[in-house]
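S.K.: I would like the atomic coordinates for the input below:
(4 chains)
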There are 4 protein chains.
Amino acid sequence: MAIEGTVEKREPRIRLGMVGGGSGAFIGAVHRIAARIDDHYELVAGALSSTPEKSRQSGAELGLDPARTYDDFKSMAIREAKLKNGIEAVAIVTPNHMHYPAAKEFLRRGIHVICDKPLTSNLADARKLLKIAQESDALFVLTHNYTGYPMVRQAREMVRKGELGEIRVIQVEYPQDWLAEPIEQSGQKQAAWRTDPKQSGAGGSTGDIGTHAYNLASFVTGLELEELAADVHTFVPGRQLDDNAHVMLRFAGGAKGMLWCSQVATGHENGLKLRVYGTRGGIEWVQADPNYLWFTELGKPKQLITRNGAGANAAAARVSRIPSGHPEGYLEGFATIYSEAARAIHAKRQGRPVDPDVVYPTVEDGVTGVAFVEACIASSKRNGAWVKL
Amino acid sequence: MAIEGTVEKREPRIRLGMVGGGSGAFIGAVHRIAARIDDHYELVAGALSSTPEKSRQSGAELGLDPARTYDDFKSMAIREAKLKNGIEAVAIVTPNHMHYPAAKEFLRRGIHVICDKPLTSNLADARKLLKIAQESDALFVLTHNYTGYPMVRQAREMVRKGELGEIRVIQVEYPQDWLAEPIEQSGQKQAAWRTDPKQSGAGGSTGDIGTHAYNLASFVTGLELEELAADVHTFVPGRQLDDNAHVMLRFAGGAKGMLWCSQVATGHENGLKLRVYGTRGGIEWVQADPNYLWFTELGKPKQLITRNGAGANAAAARVSRIPSGHPEGYLEGFATIYSEAARAIHAKRQGRPVDPDVVYPTVEDGVTGVAFVEACIASSKRNGAWVKL
Amino acid sequence: MAIEGTVEKREPRIRLGMVGGGSGAFIGAVHRIAARIDDHYELVAGALSSTPEKSRQSGAELGLDPARTYDDFKSMAIREAKLKNGIEAVAIVTPNHMHYPAAKEFLRRGIHVICDKPLTSNLADARKLLKIAQESDALFVLTHNYTGYPMVRQAREMVRKGELGEIRVIQVEYPQDWLAEPIEQSGQKQAAWRTDPKQSGAGGSTGDIGTHAYNLASFVTGLELEELAADVHTFVPGRQLDDNAHVMLRFAGGAKGMLWCSQVATGHENGLKLRVYGTRGGIEWVQADPNYLWFTELGKPKQLITRNGAGANAAAARVSRIPSGHPEGYLEGFATIYSEAARAIHAKRQGRPVDPDVVYPTVEDGVTGVAFVEACIASSKRNGAWVKL
Amino acid sequence: MAIEGTVEKREPRIRLGMVGGGSGAFIGAVHRIAARIDDHYELVAGALSSTPEKSRQSGAELGLDPARTYDDFKSMAIREAKLKNGIEAVAIVTPNHMHYPAAKEFLRRGIHVICDKPLTSNLADARKLLKIAQESDALFVLTHNYTGYPMVRQAREMVRKGELGEIRVIQVEYPQDWLAEPIEQSGQKQAAWRTDPKQSGAGGSTGDIGTHAYNLASFVTGLELEELAADVHTFVPGRQLDDNAHVMLRFAGGAKGMLWCSQVATGHENGLKLRVYGTRGGIEWVQADPNYLWFTELGKPKQLITRNGAGANAAAARVSRIPSGHPEGYLEGFATIYSEAARAIHAKRQGRPVDPDVVYPTVEDGVTGVAFVEACIASSKRNGAWVKL
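M.R.: Residues are numbered from 1 along each chain as shown, chains lettered A, B, ... in the order given. Below is the predicted model of the structure:
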């Protein structure tokens, strides 16, 4: 029952900057809470908005030193890299198309990057970013935050240990309904950039949530997606990007699957769900109820494994903060990505290798995510032909 | 609260025969209970097994008059048609390949047929049967029993009334796990015929349960499936028919969907689930919990509508026997098909038209079901190309 | 998977009469369906209503022989007892106050009685009926129908086998909301007699549903209730009987518990729920979802045991008709009481002892049920003092 | 969808000290995370353990200034009160018996107190503390953390607005199973002090979790508990305090209820559940699934209201950080108590009244909580007699 999060051998807090995340942004606030929860970071600098004025105002609201509130990410990268106590890491929480140019500036200066997903707005940028990251000493962490949920870690570990046997079928879906009507046409900010190909890239629902679903399936099963056949569609008149996609999946080794993402599925808020079926067992995990993992061993009754409860494994316990029966949520899962990044950054600071149990989504995961989006679009243009990733 | 099922204006019981359904059969017993529940039938004759001996023994066990326990369905059809009080209807509950030859004999003699699904083991037979049925005065009722569940009727009525708006997305699935291992190779009778192309036809999971899923989606939405793209697979080594299928769907009018059926999905018993999303609302129904229908009107809280409870409509109440909060199950849903058939047979007896609110799956539905199976196989052979139904 | 209900060694159907259950009655129709499901009975006589006219009309509607449609139960008992093929059993489905006088007439003539609960409208009648039943050769079966649900049988067997260890705590509740408003004052027939002390006895919710809850707890745990302390209340102005009761329970052997029954609990249809906690394990069963039993072995993950699924025991399978994943409901559970009665009646017919695995609620259970109601009322009158049963 | 927590008009962080919460403590870590989430506090001092050595070591682990790591709470209170930038608030997270002596020292020096529940280990202390708090300028906040969950706020607001009508019945329970075996006898630290009357007071399960259940019922309904009748019991041999309690409740105005708390209820982790039934509607809330509130308006379908989703009211939105469909959990609910306290402390700093929408459990709530525990024990000693609170 008694769990004491992360206090052992406390390291000095990591000095963190932020690009994007000014007033009115949703995901910036999430990143800041996530960075605070386990107390590994201190936000000390920011280029928080696309206009200098808003950026400064947002910095003031957050209590940042005005001297470290920058007009744009490039100035921030240049100056912070020179400061004695400049930022060690930066969180990039802008719309997709800015991920690449921003990340580039920091990686090149040896500043660790914690970047929102999808990696970039197109595959060309993604590949360039991959190369830059590989050449940099700095770490690149992609916040596919759902991989931080303890029961997702549990599921992944169960697959790795063979508790499901050989994987046969993977069903993953991410339905929402918040774009069931054309709210981007009446000025809803989140909707506006997410349905704008200039800011989001070629994928709408595929890029925004399809990537999450795809990443989750890959993360848990460890299987490589070989090819897909997609029927991508825009239901809402006037919308520029897709708002629904049906995708059939074929994985290396013979597993098959389906992915559905939708932003017009009336009745769903964030209905991310993963089901994996193997020769020995099957699992089901639902993001909205993240402290539970359903597990059925073939021929035995279904079990409800709870976070930190009986049946939970070490991979889940390692990223869990409180006893079973008291739910952790989205912010804690997100915080785990930040804490995993912190563990890696601490290792870097001390010149030692990162512990092998530290797990976070990487730039490579980001490249396959963007490749997934572009493959969906390509397959759909060819009327659902199978397309290699 | 107070509901009195079907006692009003009682008609004399319909004299029923049965083909198949001898000792050890699963579905025969189900049909017999279904026929009894609302008291519209009396089982008086049978050709219950493929061998005369077993047939007679099964008849004796069921308390049938030995003079009306037949060695084969043809003798039964011939003799019963001549008897003064011969059977008025016959239930055909054999493996798939026998549906056509058996149904033919009874339809031609004016005996109503209540036939298990799928209609036939191949499309050629299905079309011949359609013609025979159209030329016959007798009724043909296909026991897609899930259409008898009250909350399925509720859902259908809601779609018809426009409570979901224009339908955009249909997700339907029927996962099971009972064939996760090659039990047909060790003599399990139900598994043996269901995985034998000679008895089942070209489809394994597609024919056995995919047809149910397809029929349910069609029944509730009233939409015609235009084309599909399928990835049909056999996971269990040595199995002759498919045990998993992923199918993308395109409906007339622009709705899109996915269908998944599997007999290797560890953890599922009979996981039939239908979800329909429209511009105004979305619904979800799960066969294992059939007394509930989830309904979300866009922008309002999700509602849990219960059979005969608040929010249940007349289409559901019409086929419901007991007050809300006391669950009805599979057998009651099955019984509703029998009772709908009885209402139609009563009308025939009396030379009046069948009431327009009487609803049951027809031979036409059966033909599209077999067409669905063959389209899945055809698409899969062409690596998932879109195939018209 | 393949299950063939009850066809083995078929016995001739038991000739059944019915007292009560005429047009508009709820529970009569339920009894008739229950008697048909497993095909052990044939309804051949009835005294279906309190007035001769309605009785005859109801008999006609049910297709009964007019010669065996009686004006009152006494004439029926007298005449049927003399007929060569007179009824062998009678179902009594009247309001509570008629159970005793009706049952007496049939028991004294050696006709088996299947009687709705509660046993009688007062404890004095209950004790007289007990004596009469003990002196009769005929069987007395009380339709505490919830004991017929397979997963209730499962639970009972698990307790008996010690899978829960020593029982410590029993929580049972039966909330409804159908009497949240004074509908008995506007002519709702079911409400009218259930809130009328002349027809129901001293208990309102306690008699109508509290007895079910108490019986279920006793049936599953096998523990004798020693004493109770109750706070019984009528919330709806003008109502003559209680509509809510809170009861603390002490069982022989030291287990403790709580019982809550309510007819004003807004949001509940028939929310009967039983939870039993022992030193080794705990279970939970919910009537509205009767095919599931939650079981937690101390220190292990919670399991969801399904009817006829993995983990289901023989006691559950014995009273289950169809494979797992296809739900059985209220009517099937009710039918099990009838089938258990039929097995006992068959044994009587053949002069052999009843199989020890045949289980049904008895007249003794009925007496303790009425004693429970009267103890609740007595305790409440003494401001919740503990009262021995 | 887009929500930006609490960044507007940022105030300088509140300087916080902590009493208790050293290595190995569970609740101390929870308080620290809760204090960080919304970024209103900075932990700057501590007397973290009962021994000076452990206290210093714990301080070092947390990165506290050694000069502000104290051997005991009294030295901390004395010195911090004199420091120019001494602590403004202190979190008291010790076992129960230390709450009173610690709180007294800080309140008397004008330092705000955020104290774990129950208020004290006995009613005499509770009343003294009430007086001290009333005489102090400092605030006293009791961390009945469940009152911080958004859907609990939603429920409370619905009751206040009359959406449930007049409250009739309140069912509240808090079952756990972690003390089903005598783990306090084998050195489990959390179990040891919680079952030790010297540290916990007269109540075991009643004090530890019964108080939470009672507080939740009071908080949501706003009803005053007038009297109770309790059957309090210790099931585990050798245990010094109760581990199960059944309590009947009578509220001012005529509502009735039941409270059950147990630490031996096998299968429950933290099964806190509240149900409230009124003349117009009923609600249900379950702590383990805190983002949902079930609401049934009498005669309408049950609704599932989600945090920040359709149907959520302003009282819930006010304490919610992220969009619907992404779950918040226990730590966020706890953080809300800290943030409400921060809002009140900010008002104090600025010499303005606290906003009326700021809500947190008070010292008065703490007194009735301790009174509740002592009433349970008193009633149980008198064999369940009704005892006034």
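S.K.: shaky segments in the stretch 101-250 of chain A?
M.R.: Scanning the stretch 101-250 of chain A for pLDDT under 70 picks out nothing.
S.K.: Would you point out which residue is most central in chain A?
M.R.: residue A:144 (1.3 Å; Cα atoms, centre = their mean).
S.K.: near chain B, anything from stretch A:379-389?
M.R.: Yes. For a cut-off given as Cβ under 8 Å from any Cβ of the partner chain, stretch A:379-389 has contacts with chain B, namely A:383-386. Yep, even glycine has a C-beta here, placed from its N, CA and C like the rest.
S.K.: quick check: domain ranges of chain A?
M.R.: Domain assignment for chain A by automatic domain parsing gives A:8-145+A:355-361, A:147-324+A:367-388.
S.K.: Throw these into JSON lines and include distance to chain D, thanks.
M.R.: What follows is the domains of chain A, written out as JSON lines (distance: least, Cβ to the nearest Cβ, whole Å):
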{"stretch": "domain A:8-145+A:355-361", "distance to chain D": "4"}
{"stretch": "domain A:147-324+A:367-388", "distance to chain D": "3"}
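S.K.: Look up how far residue C:123 lies from the residue nearest to the centre of chain A.
M.R.: 67 Å (Cβ to Cβ, to the nearest Å).
S.K.: wouldn't residue A:185 be in contact with residue A:240 here?
M.R.: No. Counting by Cβ atoms under 8 Å, residue A:185 does not reach residue A:240; the two are 10.5 Å apart.
S.K.: that older thread, which ones are touching the residue nearest to the centre of chain A?
M.R.: Residue A:144 makes contact with A:117, A:211-212, A:215-216, A:219, A:337, A:361, A:365, A:369 under the criterion Cβ atoms under 8 Å, 6 or more residues apart in numbering or on different chains.
S.K.: what about residue A:16, which SS state?
M.R.: strand (DSSP: H, G, I helix; E, B strand; the rest coil).
S.K.: whoops, residue A:32 was the one
M.R.: Going by three-state DSSP: residue A:32 is helix.
S.K.: and the stretch 201-350 of chain A, which residues reach chain C?
M.R.: Checking the stretch 201-350 of chain A against chain C by Cβ under 8 Å from any Cβ, the hits are A:295, A:299-306, A:309-311.
S.K.: In TSV: these, plus distance to residue B:315.
M.R.: Converted to TSV, those look like this (distance: Cβ to Cβ, whole Å):
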residue	distance to residue B:315
A:295	38
A:299	39
A:300	39
A:301	36
A:302	33
A:303	38
A:304	35
A:305	40
A:306	40
A:309	43
A:310	45
A:311	43
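S.K.: Give the PyMOL command for selecting the buried subset of those residues.
M.R.: Selection of the buried residues among those in PyMOL, burial being defined by 16 or more other Cβ atoms under 10 Å in any protein chain shown:
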select buried, chain A and resi 295+300+301+302+303+304+305+306+309+310+311
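S.K.: mind listing which of the contacts of residue A:144 are in strands?
M.R.: Among those, no member is found in strands (DSSP state E).
S.K.: sorry, back to before: nearest to residue D:284, of the domains of chain A?
M.R.: domain A:147-324+A:367-388 (16.1 Å; Cβ to Cβ).
S.K.: and of the contacts of residue A:144, the nearest to residue C:140?
M.R.: The closest of the contacts of residue A:144, once distances to residue C:140 are taken by Cβ to Cβ, is residue A:216, at 59.6 Å.
S.K.: Around the closest one, how many other residues sit close by?
M.R.: Counted with other Cβ atoms under 10 Å in any protein chain shown, residues neighbouring residue A:216 total 26.
S.K.: just residue A:386 next, same as before
M.R.: Residue A:386: 18 surrounding residues under other Cβ under 10 Å.
S.K.: list the contacts for it?
M.R.: With Cβ under 8 Å, 6+ apart, residue A:386 has these contacts: A:227-229, A:250, A:379, B:383-384.
S.K.: Buried ones among those residues?
M.R.: Burial by neighbour count, judged by 16+ other Cβ under 10 Å, picks out A:227-229, A:250, A:379, B:384 from the contacts of residue A:386.
S.K.: Walking through chain A, point out its helices one by one.
M.R.: Under the criterion DSSP state H, helices of chain A are mapped to A:27-37, A:52-61, A:73-82, A:99-107, A:123-135, A:150-160, A:189-194, A:197-200, A:205, A:211-221, A:314-317, A:330-349, A:363-381.
S.K.: most tightly surrounded among those?
M.R.: Most buried of those, by mean neighbour count (mean count of other Cβ atoms under 10 Å in any protein chain shown): helix A:205, with a mean of 31.
S.K.: can you list contacts of that one?
M.R.: Helix A:205 is touched from outside by A:176, A:179, A:241-245, A:261-263, with contacts defined as Cβ under 8 Å, 6+ apart.
S.K.: I appreciate the help and will end here.
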